[in-house]
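Asks: missing the sequence, but the structure's below:
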């Protein structure tokens, strides 16, 4: 895992086609903008965790 510090307006590129940009940062709150090709799935972590928990119950 790579951990970076970024300020609003700064961004990182992943594999030359995914941009993750910090658009706002306030006292422990962070807003990110993610620009990726349509075939790339972007899902919030809590939804992934919820789905995994449901699968483990079955």
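Replies: Received the coordinates, thanks. Computed from a predicted structure; not experimentally measured.
Asks: Give me the residue ranges of this structure where confidence is low.
Replies: By pLDDT under 70, the chain has no low-scoring segment.
Asks: how about residue 50, what does it touch?
Replies: Applying CB atoms under 8 Å, 6 or more residues apart in numbering to residue 50 gives no contacts. C-beta here means a position set from N, CA and C on the backbone, and glycine is covered the same way.
Asks: Tell me the spacing between it and residue 58.
Replies: 13 Å (CB to CB, to the nearest Å).
Asks: can you give me the helices in the protein?
Replies: Shown for the chain, the helices assigned by DSSP state H span residues 45-57.
Asks: In it, which strand is the longest?
Replies: Counting by DSSP state E, the longest strand found in the chain is strand 18-26.
Asks: In its sheet, which strands sit next to it, and in what direction?
Replies: The pairing partners recorded for strand 18-26 under DSSP bridges are strand 11-14 (antiparallel), strand 29-35 (antiparallel).
Asks: Mind listing what's buried along that strand?
Replies: Residues of strand 18-26 classed as buried by neighbour count (16 or more other CB atoms under 10 Å): 20-22.
Asks: Need the residues that contact it.
Replies: The contact list for strand 18-26 (CB under 8 Å, 6+ apart) reads 6-14, 30-37, 40.
Asks: and with 7 Å instead?
Replies: Strand 18-26 has contacts (CB atoms under 7 Å, 6 or more residues apart in numbering) with 6-14, 30-36, 40.
Asks: Report the beta-bridge partners for residue 19.
Replies: residue 13, residue 35.
Asks: brain fart, residue 24
Replies: Beta-bridge partners of residue 24, as defined by DSSP bridges: residue 31.
Asks: Would you quantify the distance from it to residue 14?
Replies: Taken as CB to CB, the span from residue 24 to residue 14 is 20 Å.
Asks: Of the strands paired with strand 18-26, give the one that comes closest to residue 54.
Replies: strand 29-35 (24.9 Å; CB to CB).
Asks: Off-centre distance for that closest one?
Replies: 7 Å (CA atoms, centre = their mean, to the nearest Å).
Asks: cool, stretch 17-26 as well?
Replies: The answer for stretch 17-26 is 9 Å, by CA atoms, centre = their mean.
Asks: Over to stretch 39-54?
Replies: Using CA atoms, centre = their mean, the offset of stretch 39-54 from its chain centre is 11 Å.
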